[in-house]
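Peer 1: Here is a sequence together with a model predicted from it:
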Amino acid sequence: MMTNLFSIFEPSSSLFNLSTNWMSTFIGILFIPYLYWASPSRWSLLWSKVISTLHAEFKALLLPSHMGSSILFVSLFSIIVFNNFLGLAPYVFTSSSHMVMTLSLSLPLWVTLMLFGWIQHSKHMFAHLVPQGTPFALMPFMVIIETISNVIRPGTLAVRLAANMIAGHLLLTLLGSTGPSLSMSILSILISAQILLLILESAVAVIQSYVFAVLSTLYTGEIN
(Lines give C-alpha, C1' and ligand atoms only; values in the text may rest on other atoms or scores of the structure.)
Protein backbone atom coordinates (compact mmCIF):
# COMPACT_ATOMS: atom_id res chain seq x y z
CA MET A 1 0.00 0.00 0.00
CA MET A 2 1.35 3.42 -0.90
CA THR A 3 2.15 5.59 2.11
CA ASN A 4 2.73 8.57 -0.14
CA LEU A 5 1.29 9.39 -3.55
CA PHE A 6 4.74 10.44 -4.76
CA SER A 7 6.26 7.08 -3.76
CA ILE A 8 5.66 5.81 -7.32
CA PHE A 9 8.49 8.14 -8.39
CA GLU A 10 10.97 6.91 -5.79
CA PRO A 11 13.76 4.62 -7.07
CA SER A 12 13.15 2.13 -4.27
CA SER A 13 14.24 -1.09 -6.00
CA SER A 14 17.85 -1.87 -5.21
CA LEU A 15 20.43 -4.60 -5.75
CA PHE A 16 23.70 -4.53 -3.81
CA ASN A 17 22.75 -1.02 -2.59
CA LEU A 18 22.41 0.21 -6.18
CA SER A 19 19.16 1.78 -7.40
CA THR A 20 18.30 -0.60 -10.21
CA ASN A 21 15.30 1.44 -11.33
CA TRP A 22 17.64 3.92 -12.98
CA MET A 23 18.80 1.11 -15.29
CA SER A 24 15.57 1.60 -17.28
CA THR A 25 17.20 4.71 -18.77
CA PHE A 26 19.77 2.54 -20.54
CA ILE A 27 17.45 -0.17 -21.87
CA GLY A 28 17.34 1.60 -25.24
CA ILE A 29 20.99 0.75 -25.79
CA LEU A 30 19.96 -2.90 -26.14
CA PHE A 31 17.87 -2.04 -29.20
CA ILE A 32 20.65 -0.25 -31.09
CA PRO A 33 22.35 -3.41 -32.51
CA TYR A 34 18.97 -4.53 -33.85
CA LEU A 35 19.03 -1.68 -36.40
CA TYR A 36 22.28 -2.96 -37.93
CA TRP A 37 21.38 -6.56 -38.74
CA ALA A 38 17.57 -6.65 -39.07
CA SER A 39 15.77 -5.71 -42.25
CA PRO A 40 14.03 -2.30 -42.13
CA SER A 41 10.53 -2.42 -40.68
CA ARG A 42 7.74 0.11 -40.85
CA TRP A 43 8.60 1.39 -37.40
CA SER A 44 12.29 1.87 -38.22
CA LEU A 45 11.41 3.64 -41.48
CA LEU A 46 8.95 5.86 -39.61
CA TRP A 47 11.57 6.71 -37.00
CA SER A 48 14.11 7.50 -39.73
CA LYS A 49 11.58 9.86 -41.31
CA VAL A 50 10.99 11.58 -37.95
CA ILE A 51 14.73 11.98 -37.38
CA SER A 52 15.25 13.43 -40.87
CA THR A 53 12.40 15.91 -40.37
CA LEU A 54 13.75 17.01 -36.99
CA HIS A 55 17.26 17.30 -38.41
CA ALA A 56 16.05 19.63 -41.16
CA GLU A 57 14.00 21.70 -38.72
CA PHE A 58 16.82 22.11 -36.22
CA LYS A 59 19.22 23.09 -38.99
CA ALA A 60 16.85 25.91 -39.94
CA LEU A 61 16.93 27.23 -36.35
CA LEU A 62 20.71 27.13 -36.01
CA LEU A 63 23.26 29.58 -37.33
CA PRO A 64 25.49 28.40 -40.21
CA SER A 65 28.45 28.16 -37.83
CA HIS A 66 26.48 25.80 -35.55
CA MET A 67 24.94 23.67 -38.29
CA GLY A 68 26.64 20.47 -37.14
CA SER A 69 25.04 20.75 -33.70
CA SER A 70 21.68 19.59 -35.03
CA ILE A 71 22.66 15.93 -34.55
CA LEU A 72 23.15 16.70 -30.84
CA PHE A 73 19.61 18.01 -30.43
CA VAL A 74 18.11 15.17 -32.46
CA SER A 75 19.87 12.74 -30.10
CA LEU A 76 18.61 14.75 -27.13
CA PHE A 77 15.05 14.47 -28.43
CA SER A 78 15.47 10.73 -28.96
CA ILE A 79 16.72 10.14 -25.41
CA ILE A 80 13.92 12.14 -23.79
CA VAL A 81 11.08 10.74 -25.89
CA PHE A 82 12.31 7.18 -25.30
CA ASN A 83 12.37 7.65 -21.51
CA ASN A 84 9.00 9.40 -21.53
CA PHE A 85 7.35 6.54 -23.39
CA LEU A 86 9.14 3.93 -21.31
CA GLY A 87 7.69 5.52 -18.18
CA LEU A 88 4.16 4.84 -19.45
CA ALA A 89 4.70 1.08 -19.24
CA PRO A 90 3.47 -0.59 -16.02
CA TYR A 91 6.03 -1.02 -13.23
CA VAL A 92 8.70 0.90 -15.13
CA PHE A 93 10.54 3.70 -13.36
CA THR A 94 9.98 7.10 -15.02
CA SER A 95 13.46 8.59 -14.97
CA SER A 96 12.45 11.71 -16.93
CA SER A 97 10.16 12.76 -14.07
CA HIS A 98 13.15 13.38 -11.81
CA MET A 99 15.11 16.62 -11.64
CA VAL A 100 18.29 14.58 -11.38
CA MET A 101 17.95 13.47 -14.99
CA THR A 102 16.37 16.60 -16.46
CA LEU A 103 19.00 18.86 -14.87
CA SER A 104 21.71 16.46 -16.04
CA LEU A 105 20.53 17.14 -19.59
CA SER A 106 19.92 20.90 -19.40
CA LEU A 107 22.64 22.15 -17.06
CA PRO A 108 25.76 20.84 -18.89
CA LEU A 109 24.32 22.08 -22.19
CA TRP A 110 23.65 25.56 -20.77
CA VAL A 111 27.06 25.78 -19.06
CA THR A 112 28.80 24.76 -22.30
CA LEU A 113 26.90 27.37 -24.31
CA MET A 114 27.66 30.09 -21.76
CA LEU A 115 31.36 29.28 -21.63
CA PHE A 116 31.63 29.17 -25.41
CA GLY A 117 29.65 32.38 -25.84
CA TRP A 118 31.45 34.46 -23.23
CA ILE A 119 34.89 33.27 -24.32
CA GLN A 120 34.44 33.47 -28.10
CA HIS A 121 31.78 36.20 -28.48
CA SER A 122 32.04 38.40 -25.40
CA LYS A 123 30.79 41.59 -27.10
CA HIS A 124 27.78 39.82 -28.54
CA MET A 125 26.90 38.31 -25.15
CA PHE A 126 27.13 41.73 -23.49
CA ALA A 127 24.92 43.19 -26.22
CA HIS A 128 22.27 40.53 -25.43
CA LEU A 129 21.95 41.93 -21.93
CA VAL A 130 20.58 45.24 -23.24
CA PRO A 131 17.88 44.92 -25.94
CA GLN A 132 18.07 47.40 -28.77
CA GLY A 133 16.12 50.60 -28.16
CA THR A 134 16.19 50.37 -24.35
CA PRO A 135 16.16 53.83 -22.67
CA PHE A 136 19.37 54.72 -20.84
CA ALA A 137 17.61 54.95 -17.46
CA LEU A 138 16.28 51.39 -17.79
CA MET A 139 19.55 49.78 -18.90
CA PRO A 140 20.68 48.69 -15.38
CA PHE A 141 17.30 47.06 -14.75
CA MET A 142 17.32 45.35 -18.14
CA VAL A 143 20.78 43.92 -17.45
CA ILE A 144 19.52 42.43 -14.18
CA ILE A 145 16.35 41.05 -15.79
CA GLU A 146 18.19 39.56 -18.77
CA THR A 147 20.84 38.04 -16.50
CA ILE A 148 18.22 36.40 -14.28
CA SER A 149 16.27 35.09 -17.29
CA ASN A 150 19.47 33.65 -18.70
CA VAL A 151 20.54 32.01 -15.44
CA ILE A 152 17.20 30.27 -14.83
CA ARG A 153 17.07 28.73 -18.32
CA PRO A 154 18.41 25.28 -17.35
CA GLY A 155 16.07 25.22 -14.36
CA THR A 156 13.01 26.08 -16.46
CA LEU A 157 13.90 23.39 -19.00
CA ALA A 158 14.34 20.78 -16.27
CA VAL A 159 11.25 21.76 -14.25
CA ARG A 160 9.01 21.94 -17.35
CA LEU A 161 9.87 18.38 -18.40
CA ALA A 162 9.76 16.85 -14.91
CA ALA A 163 6.54 18.63 -13.87
CA ASN A 164 4.64 17.60 -16.99
CA MET A 165 5.67 13.98 -16.61
CA ILE A 166 4.83 13.92 -12.90
CA ALA A 167 1.42 15.55 -13.37
CA GLY A 168 0.13 12.97 -15.85
CA HIS A 169 1.49 9.98 -13.91
CA LEU A 170 0.00 11.25 -10.65
CA LEU A 171 -3.41 11.65 -12.28
CA LEU A 172 -3.26 8.14 -13.74
CA THR A 173 -2.21 6.69 -10.37
CA LEU A 174 -4.82 8.66 -8.44
CA LEU A 175 -7.66 7.52 -10.69
CA GLY A 176 -6.38 3.96 -10.85
CA SER A 177 -6.22 3.63 -7.05
CA THR A 178 -9.97 4.24 -6.83
CA GLY A 179 -10.78 1.26 -9.09
CA PRO A 180 -11.19 -1.49 -6.43
CA SER A 181 -13.87 0.48 -4.60
CA LEU A 182 -16.05 1.21 -7.64
CA SER A 183 -18.97 -0.69 -9.11
CA MET A 184 -18.73 -2.38 -12.52
CA SER A 185 -20.68 0.34 -14.32
CA ILE A 186 -18.49 3.14 -13.00
CA LEU A 187 -15.38 1.00 -13.46
CA SER A 188 -15.97 0.84 -17.22
CA ILE A 189 -16.12 4.65 -17.29
CA LEU A 190 -12.88 4.79 -15.29
CA ILE A 191 -11.12 2.43 -17.69
CA SER A 192 -12.24 4.55 -20.65
CA ALA A 193 -10.97 7.67 -18.90
CA GLN A 194 -7.65 5.95 -18.16
CA ILE A 195 -7.25 4.99 -21.82
CA LEU A 196 -7.93 8.59 -22.90
CA LEU A 197 -5.44 9.87 -20.31
CA LEU A 198 -2.88 7.37 -21.54
CA ILE A 199 -3.30 8.69 -25.09
CA LEU A 200 -2.94 12.22 -23.75
CA GLU A 201 0.21 11.26 -21.86
CA SER A 202 1.65 9.75 -25.04
CA ALA A 203 1.12 13.07 -26.78
CA VAL A 204 2.65 14.93 -23.82
CA ALA A 205 5.69 12.62 -23.94
CA VAL A 206 6.36 13.64 -27.56
CA ILE A 207 5.50 17.32 -27.13
CA GLN A 208 7.70 17.83 -24.06
CA SER A 209 10.63 16.10 -25.77
CA TYR A 210 10.16 18.35 -28.78
CA VAL A 211 9.86 21.49 -26.64
CA PHE A 212 13.01 20.62 -24.69
CA ALA A 213 15.01 20.03 -27.88
CA VAL A 214 13.66 23.11 -29.70
CA LEU A 215 14.33 25.47 -26.78
CA SER A 216 17.85 24.08 -26.46
CA THR A 217 18.32 24.72 -30.19
CA LEU A 218 17.05 28.29 -29.87
CA TYR A 219 19.39 28.96 -26.96
CA THR A 220 22.26 27.69 -29.09
CA GLY A 221 21.21 29.94 -31.97
CA GLU A 222 21.61 33.00 -29.73
CA ILE A 223 25.34 32.30 -29.35
CA ASN A 224 26.66 34.07 -32.44
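Peer 2: Thanks, I have it. Residues are numbered from 1 along each chain as shown.

Peer 1: for the host helix or strand of S185, packing partners?
Peer 2: For S185, the element it lies in under DSSP states H and E is helix 184-221. Applying 3 or more Cβ pairs under 8 Å, 6 or more residues apart in numbering; DSSP states H and E, one finds that helix 184-221 contacts helix 42-61, helix 70-86, helix 99-120, helix 153-176. Yep, even glycine has a C-beta here, placed from its N, CA and C like the rest.

Peer 1: buried residues in it?
Peer 2: Residues 197, 201, 204-205, 208-209, 211-217, 219-220 are the ones in helix 184-221 that count as buried (16 or more other Cβ atoms under 10 Å).

Peer 1: Next: stretch 139-153.
Peer 2: Those would be 150, 153, for stretch 139-153 by 16+ other Cβ under 10 Å.

Peer 1: Give me the residues contacting it.
Peer 2: Residues from elsewhere that reach stretch 139-153, judged by Cβ atoms under 8 Å, 6 or more residues apart in numbering: 106, 110, 114, 128-131, 134, 219.

Peer 1: what does stretch 83-91 give?
Peer 2: 24-25, 27-28, 92-97, 101, 165, 169, 198, 201-202, 204-206, 208-209.

Peer 1: Tell me how many other residues crowd the residue lying closest to M101 once chain neighbours are set aside.
Peer 2: Of all residues not flanking M101 in the chain, S95 sits nearest, at 5.0 Å (Cβ to Cβ, 6 or more residues apart in numbering). By other Cβ atoms under 10 Å, the residues close to S95 number 23.
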